[in-house]
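Chemist: Have a look at this prediction, sequence included:
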Amino acid sequence: MSDKNFTNDEQQSPPIGKKLYYTIKEVCQMTGLSPHTLRNWEDEFFQLRPKKNSAGNRAYRDKDIELVFQIKRLLQEKKYTISGAREIIREERREKRLSGRGGKRQENTAATAGQGHETLKISTQPALPPSVISNIRAELDEILRILGS
């Protein structure tokens, strides 16, 4: 079965927000792909995991359809290999996670040791009163002086 059998030239992008879930047939009509191509891409791209309804049929969400269009563009238009497209998608998602919710990289965060992508917010306010910090600083200066001699 050729992918061209499912082409719908009028529809080039997903109809965001019209429905909550779409069947595989509807996605095939939107994207111009065959069902076996979509099922194969589910095996190749871990990010593409449509939910299944109680009958076991695939239920694609808007974000799934957007990803299908992205994969199609990378493979068919830009001529990437499957592994190349997989890497591009992985990098884009990684950058999106790192950039935070507002699209800007958060300045007051630091990666927590050994915990992967989680971040730790660093407070700009000192946790100790200034007098305690001064005493600690003086003690550290004294230790450095002793070590230096």
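Modeler: Sure thing, it's come through.
Chemist: how much space between E77 and R39?
Modeler: To R39, E77 is 21 Å away according to Cβ to Cβ, to the nearest Å. C-beta coordinates here come from the backbone N, C-alpha and C atoms, glycine included.
Chemist: These two: who's more crowded?
Modeler: Higher neighbour count among E77 and R39: R39, with 13 against 8, using other Cβ atoms under 10 Å.
Chemist: Make sure I have this right: that one is in a helix.
Modeler: Yes: R39: assigned to a helix according to DSSP: H, G, I helix; E, B strand; the rest coil.
Chemist: For the nearest residue to E44 once chain neighbours are set aside, the count of nearby residues, please.
Modeler: Counting by Cβ to Cβ, 6 or more residues apart in numbering, I82 is the residue found nearest to E44 once chain neighbours are left out, at 5.2 Å. Neighbour count for I82, taken as other Cβ under 10 Å: 14.
Chemist: What of the one 10 residues further on?
Modeler: A total of 12 residues lie near E92 under the criterion other Cβ under 10 Å.
Chemist: Which helix or strand contains it?
Modeler: For E92, the host element (DSSP states H and E) is helix 82-98.
Chemist: And for V132?
Modeler: Judged by DSSP H and E, V132 forms part of helix 130-148.
Chemist: contact partners of stretch 65-77?
Modeler: 13-14, 16, 22, 27, 30-33, 38, 41, 45, 47-48, 60, 80, 82, 84-85, 88-89 (Cβ atoms under 8 Å, 6 or more residues apart in numbering).
Chemist: Try it again at 7 Å.
Modeler: The contact list for stretch 65-77, computed with Cβ atoms under 7 Å, 6 or more residues apart in numbering, reads 13-14, 22, 27, 30-31, 33, 38, 41, 45, 47-48, 80, 82, 85, 88-89.
Chemist: Could you give me the buried positions within it?
Modeler: I65, L67, V68, F69, Q70, I71, K72, L74, L75 (16 or more other Cβ atoms under 10 Å).
Chemist: Distance of the second one relative to S83?
Modeler: Translated: L67. According to Cβ to Cβ, L67 and S83 sit 17 Å apart.
Chemist: Many thanks, have a good one.
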